[in-house]
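Asker: Model the structure of this input:
(2 chains)
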Number of protein chains: 2
Amino acid sequence: MSFSPLIQQLIDALRILPGVGRKSAQRMALHLLERDRSGGLRLAQALSTAMEGVGYCRQCRTLSENELCQQCADPARDAGLLCIVQSPMDVFAVEQTGYRGRYFVLKGQLSPLDGLGPEAIGIPELLERIDNGAFGEVILATNPTVEGEATAYYIAQLLAPKGLVISRIAHGVPLGGELDLVDGGTLAHALAGRQPVRF
Amino acid sequence: MSFSPLIQQLIDALRILPGVGRKSAQRMALHLLERDRSGGLRLAQALSTAMEGVGYCRQCRTLSENELCQQCADPARDAGLLCIVQSPMDVFAVEQTGYRGRYFVLKGQLSPLDGLGPEAIGIPELLERIDNGAFGEVILATNPTVEGEATAYYIAQLLAPKGLVISRIAHGVPLGGELDLVDGGTLAHALAGRQPVRF
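Answerer: This next block holds a predicted model:
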């Protein structure tokens, strides 16, 4: 036996969500059908509105339903500081820190094996953005992975002749952990990047 | 900063799904927007079709978009055997075992503290179904919880005068586990319900 066609179709559709397998999708579908049909309809509405209405900010290329996203449209933000990240989720993460400069969102990271070169991730648009802006400092906030580091290094080399301060977010031990649980590579970075204690 | 209104609305709507918190909802929303918009639209479509189109089977009261569900409409099934469960998910679980009799789906379990009495969970409809059918045996497959046991016991007492075989699914140690990890109550049931070994 399987579920009736409409229910099975809903279960299959729910499985496109990241982290949702067969069992979770069944639980979600039956939960909505049994307990929260109006919530299910609201979700359907929110999904189709967002899928059709959300585009990309013309300036920083993060997800936004307006031509300029909230961050780019805000005149109170520091126009001399640009933070380069590799996904709209990262914009959200950096915002949580209290950063109030500008952003540029790459489409992922350089990955020649997957056929992702500079054009594919939006390097030409980044250079254009920097040439049209008046930035004093560019912060490279790509992921601390091999590809993320390579992307940061590639961008740093491209920007070197422009006379900007180019910085990379610090690598080191995360707060709140225990030192013996930190991997060797991270600890080596933390030692190499040690800072003088200020009194 | 928050996400732009449409994205935030989608994140809030995704949180109605069971087991989905703030972080997962963000990840789901951005995944759909960045990587799978057509999947998102399919999901919206499947949700609204199912929420509006799926009702309850007239006979067994499981979820179904037709007046009779697949199980009730199948003439090859044993019409003398009725399995009583407490949710449509349980129908699916029992089907997986190879059971090929009939079903009746209660709307939950007796729970006086939550104001759920016999009428609320559909006992009158169950009695009507049994009176209209030609069942030789009724299997009580409510959950092995306090409320599920109470519901099974209540139904058994109601059906006692009808001259049917009334059975309860067996309680005991689940397959594949280790005995010392099984709780005491379950083990006590397993001992009390021991079966002679057949050669």
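
Asker: Can you get me a residue count around A:Gly129?
Answerer: In this structure residue A:129 is Arg, not Gly. For A:Arg129, the count of nearby residues is 19 (other CB atoms under 10 Å in any protein chain shown). Using the backbone N, CA and C atoms, a C-beta is placed for each residue, glycine as well.

Asker: and what of the one 5 residues further on?
Answerer: Residue neighbour count, defined by other CB under 10 Å, stands at 7 for A:Ala134.

Asker: One more: A:Asp180?
Answerer: Neighbours of A:Asp180 under the rule other CB under 10 Å: 6.

Asker: can you pull the pLDDT of it?
Answerer: We have a pLDDT of 85 for A:Asp180.

Asker: Shouldn't it be within a helix?
Answerer: Yes: judged by DSSP: H, G, I helix; E, B strand; the rest coil, A:Asp180 forms part of a helix.

Asker: where does chain A dip in pLDDT?
Answerer: Within chain A, the segments meeting pLDDT under 70 span A:1.

Asker: What's the separation between A:Gln8 and chain B?
Answerer: Look at A:Gln8 and chain B: by CB to the nearest CB, to the nearest Å, they are 10 Å apart.

Asker: Is that residue in contact with A:Leu14, as I believe?
Answerer: No: the criterion here is CB atoms under 8 Å, and A:Gln8 misses it with A:Leu14 at 10.8 Å.

Asker: tally of neighbours for A:Leu179?
Answerer: Neighbourhood size, A:Leu179 [other CB under 10 Å]: 8.

Asker: of A:Gln8 and A:Leu14, who's got more company?
Answerer: A:Leu14 (22 against 15).

Asker: what sits against the more buried one?
Answerer: Residues in contact with A:Leu14 (CB atoms under 8 Å, 6 or more residues apart in numbering or on different chains) are A:20, A:24-25, A:28-29, B:43, B:46.

Asker: go with 6 Å
Answerer: A:20, A:25, A:28 (CB atoms under 6 Å, 6 or more residues apart in numbering or on different chains).

Asker: Could you list which of those residues belong to strands?
Answerer: Under the assignment DSSP state E, these contribute nothing to strands.

Asker: Filter those residues down to the ones in helices?
Answerer: Cross-referencing these against helices under DSSP state H gives A:25, A:28.

Asker: Contacting chain B as well, which ones from the contacts of A:Leu14?
Answerer: A:Met28 (CB under 6 Å from any CB of the partner chain).

Asker: which one of the contacts of A:Leu14 has the most neighbours?
Answerer: The residue in those with the most neighbours, by other CB under 10 Å, is A:Met28 (22 neighbours).

Asker: doesn't B:Arg15 make contact with that residue?
Answerer: No: using CB atoms under 6 Å, A:Met28 is not in contact with B:Arg15; the gap is 11.9 Å.

Asker: So which residues on chain A come close to chain B?
Answerer: Contact residues, chain A versus chain B (CB under 6 Å from any CB): A:1, A:4, A:6, A:9-10, A:13, A:16-18, A:27-28, A:30-31, A:33, A:36-37, A:39-44, A:46-51, A:53-54, A:63-65, A:88-89, A:95.

Asker: Give me the buried subset of these.
Answerer: For the residues of chain A next to chain B, a burial check counting by 16 or more other CB atoms under 10 Å in any protein chain shown picks out A:4, A:6, A:9-10, A:13, A:16-17, A:27-28, A:30-31, A:33, A:36, A:39-44, A:46-51, A:54, A:63-65, A:88-89, A:95.

Asker: At which residues are the helices of chain A located?
Answerer: Going by DSSP H, chain A shows helices at A:5-14, A:22-35, A:37-53, A:70-73, A:88-95, A:118-121, A:123-132, A:146-159, A:184-192.

Asker: What is the second one packed up against?
Answerer: For helix A:22-35, the helices and strands in contact under the criterion 3 or more CB pairs under 6 Å, 6 or more residues apart in numbering or on different chains; DSSP states H and E are helix A:5-14.

Asker: Hey, what's the angle from the helix it packs on to helix B:37-53? Just curious.
Answerer: If you take axes from the mean of the first three to the mean of the last three CA atoms, to 10 degrees, helix A:5-14 sits at 150 degrees to helix B:37-53.

Asker: Between helix A:22-35 and helix A:5-14, find me the angle.
Answerer: Using the same axes, to 10 degrees, helix A:5-14 lies at 130 degrees relative to helix A:22-35.

Asker: Now do helix A:5-14 against helix B:88-95, angle only.
Answerer: On the basis of the same axes, to 10 degrees, helix A:5-14 is oriented at 100 degrees to helix B:88-95.

Asker: Can you tell me which residue sits nearest the middle of chain A?
Answerer: Centroid-nearest residue in chain A: A:Ser87, 2.5 Å away (criterion: CA atoms, centre = their mean).

Asker: domain assignment for chain A?
Answerer: Taking automatic domain parsing as the domain assignment, the ranges for chain A are A:56-168, A:172-199.

Asker: Give the closest residue to A:Gln71 in space, chain neighbours not counted.
Answerer: Ranked by CB to CB, 6 or more residues apart in numbering or on different chains and with sequence neighbours excluded, the top spatial neighbour of A:Gln71 is A:Tyr103, at 5.8 Å.

Asker: which residues pair with that neighbour across the strands?
Answerer: A:Cys83 (DSSP bridges).

Asker: And it, how close does it get to chain B?
Answerer: For A:Tyr103, the distance to chain B equals 10 Å [CB to the nearest CB].

Asker: Show the contacting residues for that residue.
Answerer: Applying CB under 6 Å, 6+ apart, we find A:Tyr103 in contact with A:60, A:71, A:83, A:91.

Asker: Let's have these in TSV, adding neighbour count and distance to A:Gly122.
Answerer: As requested, the contacts of A:Tyr103 are exported to TSV (neighbours: other CB atoms under 10 Å in any protein chain shown; distance: CB to CB, whole Å):
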residue	neighbour count	distance to A:Gly122
A:Cys60	23	11
A:Gln71	23	17
A:Cys83	23	15
A:Val91	25	14
